[in-house]
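Engineer: give me a 3D structure for the following:
(2 chains)
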Amino acid sequence: MYYTDNYLVTLLIFTILLHFYIGRAIFNANSSRRKKSLFVVGLAGSLGLLGFFKYSDFSITQFNILGNIFDLGSEISLLNLALPIGISFYTFQSLSYIIDIYRGSLTPTKSLKEYAFFVAFFPPLVAGPILRASHFLPQLKEKLEQSNSSEKIKLFIIKNADLKFGISLMAIGFFKKMFFADNISPLVDNIFSNPIGMESFSIILGTIAFGVQIYCDFSGYSDIAIGAAAILGFKIPLNFNKPFFATSPSDYWTRWHISLSTWVRDYLYYPLVFKHRRSSIMVFSCLLASMLVMGLWHGASWNFVIWGGLHGIFLAVFTVLRKKYGKSTESFFKTNYGKISSIFITQYLVFFTFIAFRIQNSDHMLYSMQKYIFLDFGIYQTIEIIKNNEFPILLLILFAFLHYISYKKGNLSERISKLKLRYWILFLFCIILPISLFYVGSPQEFIYFEF
Amino acid sequence: MSKKLYEIMSKVFDIDASEINEQSSPETIERWDSFHGLALVDALEIEYGIQFTISEITDVKNTLDIKRHLKNHGIEIE
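Structural biologist: Here you go, the predicted structure:
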């Protein structure tokens, strides 16, 4: 559950003010001890807020469970806090600002307005991509210098090419979310509301459907955010790059939620591993720890920790296997057959982790995972599910086809935005028509709003 | 001097040195992930007797960035 009440905007304002002034203080500090103290204050401030709103009830629950096990007495009441929308994203975004300043790789901005614009920039505010100040602030500065600097209200000029590209990308985003994700969701709910007793092929079908749903939901939002930013003339990095064509677990993490995986790599993994990088055991331990934290970032629930842990294990095992057998298998994996095999193996593992991501109930999760791995080859139930969910099944097939085309053809949104006006309008019509024809009536919230 | 750098990179990433140039990056070299990136840092530190900082490690997007950071440590790579 997340919350959008007006008073919670004070949290955003607090984060902005805290990091702006702490950032300047760190930069101007004349001793490393003072720099470190200020840095710790900045970290504690925003992580404290994030921890309080996101993890306090989770912590209380775990404490109560332990209390029951050790018979400690009465339970602590839950605070029943709702998660302020976007807090996970803008907290990480503003943390990267003070970390870069502390590391000496960024000069803080002197303008509170510019910093506030960066943190509160509306397109990626609630669900990313997570921006970096080093990438965004120079763009903002350039735009402000280009606008009429004598006026209090700065005007951003919208260029025709940016407008077309932005609208194209936003249209693709809405299409992914409203046509694919929202219409596949009932199939996923149908299977995972109570998977106990389901056949293996039904579980696999549900897992595939959920993987496609969450990809379309989240990458759709990212496309909308990147497109909206593009209309205003801002370049935001890609957040997804055809993750279902990843050829290894490490390749997958260069393609899925790129802004988060690079954030965790640069601000958590590297600092953890830096002093221990000559020990393989420590490197893998730090990798696993980072992935567990990444899992926990998604939500205060053990299923997300399991999801992150599984990815950490797959990454570590893949690295070891590649080191040991990489040379001898290199020629095979360079062939088409080898590449297809590596994609299938990777996606088999990735979709397995989606079970943990989707299912909170431990019995349901264990049952589904068991059925995913140990096939029972039952088909009758699966056939019934397919018959009762023809439209979502057709959407999965259509998605696979379109996704393959976009993988082969490269940057489709760029090509679409360069179409002649009449063909471009036809493209928009082809996007809007199926969305409106198959509109579910009660639109589903973006999944990542909950994080 | 580039030859020596490319030889180190070739050993770490298990590719021919001839496949490496200034634009080589994690996008073009399959084995250039965070694990092998750290192995490269290690190899360069041992070879050149230097110590990189975290901000330098996180500021590497391609081979040109590596050359730039080596230059900051007094190692000129042409």
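Engineer: for the helix or strand harbouring residue A:53, which helices and strands make contact with it?
Structural biologist: Assessed by DSSP states H and E, residue A:53 sits inside helix A:32-69. When contacts are defined as 3 or more Cβ pairs under 8 Å, 6 or more residues apart in numbering or on different chains; DSSP states H and E, helix A:32-69 sits against helix A:9-28, strand A:83-84, helix A:87-103. Bear in mind the C-beta positions are built from the backbone N, C-alpha and C, glycine included.
Engineer: contacts for the first one, please.
Structural biologist: Spelled out, it's helix A:9-28. The contact list for helix A:9-28 (Cβ atoms under 8 Å, 6 or more residues apart in numbering or on different chains) reads A:35, A:38-39, A:41-42, A:45-46, A:49, A:53, A:84, A:86-87, A:90-91, A:94-95, A:97-98, A:101-102, A:107-110, A:112, A:115-116, A:119-120.
Engineer: of those, keep whichever come out buried.
Structural biologist: A:35, A:38-39, A:42, A:45-46, A:49, A:53, A:84, A:86-87, A:90-91, A:94-95, A:97-98, A:101-102, A:108-109, A:115-116, A:119-120 (16 or more other Cβ atoms under 10 Å in any protein chain shown).
Engineer: list the buried residues for the helix or strand harbouring residue A:227?
Structural biologist: Per DSSP H and E: residue A:227 is located in helix A:200-231. By neighbour count on 16+ other Cβ under 10 Å, the buried set for helix A:200-231 is A:200-231.
Engineer: after it comes which helix or strand?
Structural biologist: helix A:249-252.
Engineer: just checking, what packs against that next one?
Structural biologist: Using 3+ Cβ pairs under 8 Å, 6+ apart, helix A:249-252 sits against helix A:302-334, helix A:336-358.
Engineer: what about the closest residue to chain B within the stretch 351-451 of chain A, neighbour count?
Structural biologist: Closest to chain B within the stretch 351-451 of chain A is residue A:410: 13.7 Å, counting by Cβ to the nearest Cβ. Using other Cβ atoms under 10 Å in any protein chain shown, residue A:410 is surrounded by 9 other residues.
Engineer: leaving out sequence neighbours, find the closest residue to residue A:81.
Structural biologist: Once flanking residues are discounted, residue A:81 sits nearest to residue A:53: 5.5 Å by Cβ to Cβ, 6 or more residues apart in numbering or on different chains.
Engineer: wait, that neighbour touches residue A:85, no?
Structural biologist: No. Assessed by Cβ atoms under 8 Å, residue A:53 is found out of contact with residue A:85, at 10.7 Å.
Engineer: if I pick the nearest residue to residue A:126 once chain neighbours are set aside, what's in contact with it?
Structural biologist: Nearest-residue entry for residue A:126: residue A:86, 4.0 Å, with adjacent residues in sequence omitted and distances by Cβ to Cβ, 6+ apart. Shown in contact with residue A:86 (Cβ under 8 Å, 6+ apart): A:12, A:125-127.
Engineer: for chain A, which spans come out with low pLDDT?
Structural biologist: Along chain A, segments meeting pLDDT under 70 span A:1-7, A:148-155, A:440-451.
Engineer: name the residues of it found near chain B, please.
Structural biologist: Applying Cβ under 8 Å from any Cβ of the partner chain, we find that chain A lies next to chain B at A:100, A:103-105, A:250-251, A:254, A:265-266, A:269-271, A:273-274, A:277-278, A:283, A:287, A:319, A:322, A:326-327, A:330.
Engineer: using the three-state scheme, assign residue B:77.
Structural biologist: coil (DSSP: H, G, I helix; E, B strand; the rest coil).
Engineer: for it, what are its contacts?
Structural biologist: B:1-2, B:5, B:67, B:70-71.
Engineer: name only those of the residues you listed that count as buried.
Structural biologist: Buried among the contacts of residue B:77 (16+ other Cβ under 10 Å): B:5, B:67, B:70.
Engineer: export these as CSV, with columns for secondary structure.
Structural biologist: As requested, the buried ones among the contacts of residue B:77 are arranged in CSV below (three-state DSSP):
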residue, secondary structure
B:5, helix
B:67, helix
B:70, helix
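Engineer: what does chain B put close to chain A?
Structural biologist: Residues of chain B lying near chain A (Cβ under 8 Å from any Cβ): B:14, B:26-27, B:30-31, B:33-35, B:38, B:41-42, B:53-55, B:57-59.
Engineer: change it to 7 Å
Structural biologist: Counting by Cβ under 7 Å from any Cβ of the partner chain, chain B comes close to chain A at B:14, B:26, B:33-35, B:38, B:42, B:54-55, B:57-59.
Engineer: neighbours around residue A:306, how many?
Structural biologist: 20.
Engineer: ok, now which ones touch the residue lying closest to it once chain neighbours are set aside?
Structural biologist: Among residues not flanking residue A:306 along the chain, residue A:356 sits closest, at 4.4 Å (Cβ to Cβ, 6+ apart). Applying Cβ atoms under 7 Å, 6 or more residues apart in numbering or on different chains to residue A:356 gives the contacts A:303, A:306-307, A:310, A:365.
Engineer: now do residue A:227
Structural biologist: A:166-167, A:169-170, A:173.
Engineer: how about residue B:14?
Structural biologist: Residue B:14 sits next to A:326-327, B:31 when contact means Cβ under 7 Å, 6+ apart.
Engineer: and those, which is closest to residue A:144?
Structural biologist: Taking Cβ to Cβ as the measure, residue B:31 is the one of those closest to residue A:144, at 41.9 Å.
Engineer: what's the spacing between that closest one and residue B:73?
Structural biologist: 25 Å (Cβ to Cβ, to the nearest Å).
Engineer: between the two, who's got more neighbours?
Structural biologist: Between residue B:31 and residue B:73, counted using other Cβ under 10 Å, the more crowded position is residue B:31 (20 against 14).
Engineer: quick check: mean pLDDT across stretch B:21-38?
Structural biologist: Regarding stretch B:21-38, the rounded mean pLDDT is 89.
Engineer: gap between the two ends of it?
Structural biologist: Start-to-end span of stretch B:21-38 (Cα to Cα, to the nearest Å) is 19 Å.
Engineer: distance from the chain centre to that stretch, please.
Structural biologist: The chain centre lies 8 Å from the centre of stretch B:21-38; the measure is Cα atoms, centre = their mean, to the nearest Å.
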